[in-house]
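A.B. asks: need a structure here:
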Amino acid sequence: MSLHPMQDYAETACNFVLAIPETFNFGHDVVDAQAARRDKPALIWCNAQGQERRFNFSDIRRISNQYANLLTRHGLKKGDRVIVMLPRIPEWQLAIVACMKIGAIPIPCIEMLTSKDVEFRVKDSGAIAAITTSTNIDKFSRCDALTIRVSIEETHAAHWMPLRLSEQESSDFSCAVLTSEEPALLYYTSGSSGHPKGVLHATRGIYTWRLSAAWWQTLVEDDIKWCTADTGWAKAGTGILFGPWSRGSCVFFYDGKFDARERLRLLERYKISVFCAPATEFRHLVNENLAEVDLSVLRLSVSAGETVNPEIVHQWKALSGSELLDGYGQTETLMTVLNYPCLPVKPGSMGQPIPGTHFEILSDGNVILGPNQVGHLSMRLPNPQFMLGYWNNPTRTRESIRTIDGVDYWLTGDLSSRDEQGYLFYAGRSDDMISSAGYRIGPTEVENALIEHPAVTESAVVASPDAERGEVVKAFVVLHPDYVPSEALVKTLQQHVQQHTAPYKYPRRIEFVASLPKNPSGKIMRRVLRDQEFNRSHGNST
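C.D. replies: Numbering: from 1, shown residues only. Okay, the predicted model is just below:
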């Protein structure tokens, strides 16, 4: 499918219909096809220690075939689930592509997951295989169901084999034939209550994600694209793998902690032409001296995961010379509302729906609202970008769909409004999710960790506005009578949460309270506390 740069949004949105192929395998139809059609650089990797590796598409084809042969020889087959928990290293892309060539379903996971997080994902998904680093092997100690265990490095751990064994395998592999509705990828995303939920995507979704790469990021084969997202997030899939390689673009991949000056040096050194990062990073970058670096090759910057303040957009363009275009998406749909280079940007707007996708703003009573009215942002179905459903939970999937006049709509869980020109404006969440520096955090996971500490009788976790991160996790804690509030106890509870769940989820703010607001049935009313936080912030800024 050839997608040309969008010149007129209104015309494209009016006439565009996406033709989904009957069969699609990303490994065969994108990676191998690009290697055969025009072999070129696919991946440039480096780390904070100065190591560097480069791969052409032919290298990706060859090595992923060897991975696929190793995995199938040990019993992996079409439909099997595979935990892929790796840092930002080339083996991440290679493992994902290998799984897809087999028709297995990769489950990308961030390294910060705890052993409890890993155990849940293995059990819930029914995964039989895992690919990870030797330092993460211990996190799988209670995952007895795994029959295939691969370590990136050498290891003496029982039942784990080193990935180097793949070097003995054939570089040829016959890819599985997958229909457009067959499952291809499984993400776990935090919910406002309970455990993280599995989001299952079809091959049609993988195919469709090239649209945002073509029209939002305007990627072409000569581009070098850098997306800083962590490997376990859906944004990494579209920004580091599926989107750019579907356009034949080269991906830059950096394994190192965030450092604003180093980010700028890397943008210059590797001649990045399209850059994607969360708003938090841009807030730091605009405070650096950009005059010290040459960013003349950088033609476009994009951001997603949290709203970019209009002032940051203006500052970044003035300092770097490139536009900064915001975008909106979810794990269930990926990028669906975007600002496009061909369309004027309205400050504070998420943009307009990607052509082929249609949204309505619904009231609480399922009435379609008119311009400038805030309601539930709802996507019309069917839509090829939409997930197959929540893993093993059709009831939860149906609960988020509303039918109006015979048309189904997916309730995104976000509030929005639309102006007379069709621009959408984000107005907050209709659930209790917390979006901090691009990370999506469910309050229940933090509350569950807190309650395990003897000082905590009960707690409520909500979003609290923050100038740097957009939002941070705040915990309202009712203490056991034997404990008294103190700064030392705050630090103790923060460290406790870091030890019992992924470290990024810990409450950066803790307030000790005598009681929590509850409804008549005894359910904690997080919304009251969240509104209190945002009202405080508003009061402090006026």
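A.B. asks: Could I get the full set of helices for the stretch 101-250 of the chain?
C.D. replies: 115-125, 203-208, 210-215, 234-236, 243-246 (DSSP state H, counting those that start in this stretch).
A.B. asks: Mean neighbour count for these - can I get that in TSV?
C.D. replies: (Each C-beta comes from the backbone N, C-alpha and C, glycine too.) Listed next are these as TSV, based on neighbours: other C-beta atoms under 10 Å:
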stretch	mean neighbour count
helix 115-125	19
helix 203-208	26
helix 210-215	24
helix 234-236	24
helix 243-246	26
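A.B. asks: Ok, which of those helices comes nearest residue 256?
C.D. replies: helix 234-236 (15.5 Å; C-beta to C-beta).
A.B. asks: How far does that closest one sit from its chain's centre?
C.D. replies: 3 Å (C-alpha atoms, centre = their mean, to the nearest Å).
A.B. asks: what's the answer for stretch 212-221, then?
C.D. replies: On C-alpha atoms, centre = their mean, the centre of stretch 212-221 falls 18 Å from the chain's centre.
A.B. asks: Could you list the low-confidence segments of the stretch 401-542 of the chain?
C.D. replies: Applying pLDDT under 70 to the stretch 401-542 of the chain picks out residues 519-523, 538-542.
A.B. asks: Tell me where it has strands.
C.D. replies: 401-404, 407-418, 424-429, 434-436, 439-441, 456-466, 470-479, 509-512 (DSSP state E, counting those that start in this stretch).
A.B. asks: Residue 74: which of these is closest?
C.D. replies: strand 439-441 (33.7 Å).
A.B. asks: Quick one: residues in contact with that closest one.
C.D. replies: Residues from elsewhere that reach strand 439-441 (C-beta atoms under 8 Å, 6 or more residues apart in numbering): 189, 190, 305, 331, 433, 434, 435, 473, 504, 505.
A.B. asks: okay, the strands of the stretch 401-542 of the chain in JSON lines with mean neighbour count and distance to residue 391 next?
C.D. replies: Shown next, in JSON lines, are these (neighbours: other C-beta atoms under 10 Å; distance: least, C-beta to C-beta, whole Å):
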{"stretch": "strand 401-404", "mean neighbour count": "14", "distance to residue 391": "17"}
{"stretch": "strand 407-418", "mean neighbour count": "19", "distance to residue 391": "17"}
{"stretch": "strand 424-429", "mean neighbour count": "17", "distance to residue 391": "22"}
{"stretch": "strand 434-436", "mean neighbour count": "22", "distance to residue 391": "22"}
{"stretch": "strand 439-441", "mean neighbour count": "21", "distance to residue 391": "17"}
{"stretch": "strand 456-466", "mean neighbour count": "22", "distance to residue 391": "24"}
{"stretch": "strand 470-479", "mean neighbour count": "22", "distance to residue 391": "25"}
{"stretch": "strand 509-512", "mean neighbour count": "18", "distance to residue 391": "33"}
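A.B. asks: any chance of those strands in a markdown table, with distance to residue 108 too?
C.D. replies: As requested, the strands of the stretch 401-542 of the chain are arranged in a markdown table below (distance: least, C-beta to C-beta, whole Å):
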| stretch | distance to residue 108 |
| --- | --- |
| strand 401-404 | 26 |
| strand 407-418 | 22 |
| strand 424-429 | 24 |
| strand 434-436 | 19 |
| strand 439-441 | 14 |
| strand 456-466 | 25 |
| strand 470-479 | 23 |
| strand 509-512 | 30 |
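A.B. asks: nearest to residue 295, of these?
C.D. replies: strand 470-479 (24.7 Å).
A.B. asks: Parallel or antiparallel, which strands does the closest one pair with?
C.D. replies: Within its sheet, and counting by DSSP bridges, strand 470-479 is paired with strand 456-466 (antiparallel), strand 509-512 (parallel).
A.B. asks: Can you give the contact residues for the last one?
C.D. replies: Surrounding strand 509-512, the residues in contact under the criterion C-beta under 8 Å, 6+ apart are 464, 472-479, 485, 490, 493-494.
A.B. asks: Could you rerun that using 6 Å?
C.D. replies: Strand 509-512 has contacts (C-beta atoms under 6 Å, 6 or more residues apart in numbering) with 464, 474, 475, 476, 477, 479, 485, 490.
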